[in-house]
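# Compute the structure for the input listed below.
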Amino acid sequence: MKIDADAIKQLAELLDETGLNEIEVADGDQAIRVSKGGSTVVAGAPTAAAPLSMPSDPTAPGQPNTSAPDNVAHAHPGAITSPMVGTAYMAQEPDKPAFVSKGDSVQAGDTLMIIEAMKVMNPIKAEKSGTVTQILAEDGQPIEFGDVLMVIE
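Residues are numbered from 1 along each chain as shown. Reported below is the predicted structural model:
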């Protein structure tokens with residue numbers, strides 16, 4: 001298997017920029033997963049696949065999943081989209097209150113929810129200050145990359 005060191009470096013930089021703990025990118029039979037605090041893991045079938053390509057702006061959102069409950073929210077400038085595939089959790093623990101509710105004011109950097117991906121809890125933080133006007137994800141719901149989780153205005 002050929003290891004694409006540049007792709008691994010770009011993923012590691014993306015982790016630092018986004019505050020995520022882990023990220024995985026797949027292309028055909030090949031996948032690269034990079035996680036903080038642990039080790040870098042490269043896994044996949046030994047067959048050759050097309051090289052992975054990274055967006056020119058790693059902070060730009062990917063192609064959103066159009067199956068979200070409110071497709072209008074995808075176009076909203078305050079849409080918070082999922083940076084990964086996983087399970088949404090609205091609170092730190094099942095018996096604790098939700099991080100945010102509809103109508104709450106949030107500040108940039110506030111934790112909005114958690115997405116569990118491969119047993120790693122990844123906080124999703126507000127990119128800007130504002131008011132939570134829509135919450136589209138539900139507690140325990142499977143989430144796809146690009147799904148709109150909530151809207152902040």
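
# Using PDB, list the CA coordinates for the strand or helix carrying L112.
The secondary structure element spanning L112 is strand 111-117 (assigned by DSSP states H and E). Output of strand 111-117 as PDB, limited to C-alpha atoms (Å, rounded to 0.1, in the frame of the first residue of the first chain):
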ATOM      1  CA  THR A 111     -20.100  23.300  22.600                       C
ATOM      2  CA  LEU A 112     -23.400  22.700  20.700                       C
ATOM      3  CA  MET A 113     -23.400  18.900  20.800                       C
ATOM      4  CA  ILE A 114     -21.100  15.900  20.500                       C
ATOM      5  CA  ILE A 115     -20.700  13.500  17.700                       C
ATOM      6  CA  GLU A 116     -19.400  10.100  18.600                       C
ATOM      7  CA  ALA A 117     -17.300   8.500  15.800                       C
END
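
# Need the residues that contact the next helix or strand after it.
Moving toward the C-terminus from strand 111-117, the next helix or strand (DSSP H and E) is strand 120-125. For strand 120-125, contacts defined as CB atoms under 8 Å, 6 or more residues apart in numbering pick out 19-22, 35, 80, 82-84, 86, 89, 108-116, 149. Placement of C-beta: from N, CA and C, glycine included.

# wait, what's in contact with the residue nearest the centre of the chain?
Taking CA atoms, centre = their mean, the centroid of the chain lies closest to P83, which sits 1.9 Å from it. By CB under 8 Å, 6+ apart, the contact set of P83 is 18, 20, 23, 115, 122, 124, 145.

# Mind doing that once more with 10 Å?
Shown in contact with P83 (CB atoms under 10 Å, 6 or more residues apart in numbering): 14, 18-20, 23, 59, 61-62, 115, 117, 122, 124, 143, 145-146, 149.

# And for T87?
Taking CB under 10 Å, 6+ apart as the contact definition, T87 lies against 114-117, 121, 137, 139-143.

# Can you check the distance spanned by stretch 82-89, start to finish?
12 Å (CA to CA, to the nearest Å).

# chain center to it, what's the gap?
Stretch 82-89 has its average C-alpha position 6 Å from the chain's average C-alpha position, going by CA atoms, centre = their mean, to the nearest Å.

# Mind checking the pLDDT average for that stretch?
For stretch 82-89, the mean pLDDT works out to 91.

# what comes up buried for that stretch?
By neighbour count on 16 or more other CB atoms under 10 Å, the buried set for stretch 82-89 is 82-86, 88-89.
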